[in-house]
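Need a 3D model of the sequence below.
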Amino acid sequence: MSTAYQRQQKILDCLSERESCSIQELSELLSVSTMTIHRDLDKLADDGAVVKVHGGAILRPTTAPATEYASACPMCQQIVREQLAFVLQFDDESSKQACCPHCGLMMLNMQNPTLILATDFLHGNKVNALQATYLIKADLKTCCSPAVIAFASTEDAERFQQGFGGEMMNFSEAKSFLSSTHAPPRNM
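Numbering: from 1, shown residues only. Alright, predicted model coming up:
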């Protein structure tokens with residue numbers, strides 16, 4: 001069995017040979033689960049070596065700054081990764097994109113969008129944020145803390161929770177939880 005470091009080196013080698021690799025390809029190549037590949041790619045993305053894209057990864061070009069790949073989140077200024085993107089659309093047809101459900105749900109305290117979309121963490125599809133299931137405080141490194149990830153189906157969230165822990169919540173529970181944990185002290 002290979003160590004995380006050895007797997008990550010093999011992932012970088014694979015990406016050096018081709019423009020991109022899918023999570024499924026890497027999983028089969030390295031004989032590990034797709035969740036293991038997700039964790040390895042998260043580490044490599046945090047280190048600045050790769051850019052995670054829907055369903056896989058590409059090497060981060062050394063000639064272009066990371067900001068050319070996505071916009072910055074209006075809440076925390078982190079780069080918006082497609083896998084976690086949270087979109088708020090307004091009556092005037094404008095929209096804002098948060099880096100993750102954590103920031104997107106917090107933005108709802110300051111804005112009143114007409115449409116709210118979350119990105120299904122496993123499949124990359126945009127889903128109605130009001131109907132999504134959220135996993136909060138999973139053992140997963142995302143851009144914000146606590147980690148909040150969205151799933152289109154409760155069953156997918158339950159399966160993910162088995163491997164990564166965390167608390168499952170619906171939209172209103174997740175929004176309320178974040179509002180209460182990020183509220184300013186009452187006696188300042």
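
Tell me which strands the lowest-mean-pLDDT helix or strand in the chain pairs with, and in which orientation.
Comparing helices and strands within the chain by mean pLDDT, DSSP states H and E singles out strand 50-53 as the least confident, with a mean of 78. Based on DSSP bridges, the strands next to strand 50-53 in the sheet, each with its direction, are strand 56-59 (antiparallel).

which residues are in contact with the least confident helix or strand of the chain?
Residues outside strand 50-53 that contact it (C-beta atoms under 8 Å, 6 or more residues apart in numbering) are 11-12, 15, 20, 41-42, 44-45, 57-60, 66, 69, 81-83. No exception for glycine: its C-beta is placed from N, CA and C like everyone else's.

Apply 6 Å and report the result again.
41, 44-45, 57-60, 69, 81, 83 (C-beta atoms under 6 Å, 6 or more residues apart in numbering).

Walk me through the domains of this structure.
The record's domain split for the chain, according to automatic domain parsing, is 4-59, 86-181.

Columns distance to residue 76 and mean neighbour count on top of those, output as JSON lines?
Output for the domains of the chain, formatted as JSON lines (distance: least, C-beta to C-beta, whole Å; neighbours: other C-beta atoms under 10 Å):
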{"stretch": "domain 4-59", "distance to residue 76": "15", "mean neighbour count": "16"}
{"stretch": "domain 86-181", "distance to residue 76": "6", "mean neighbour count": "18"}
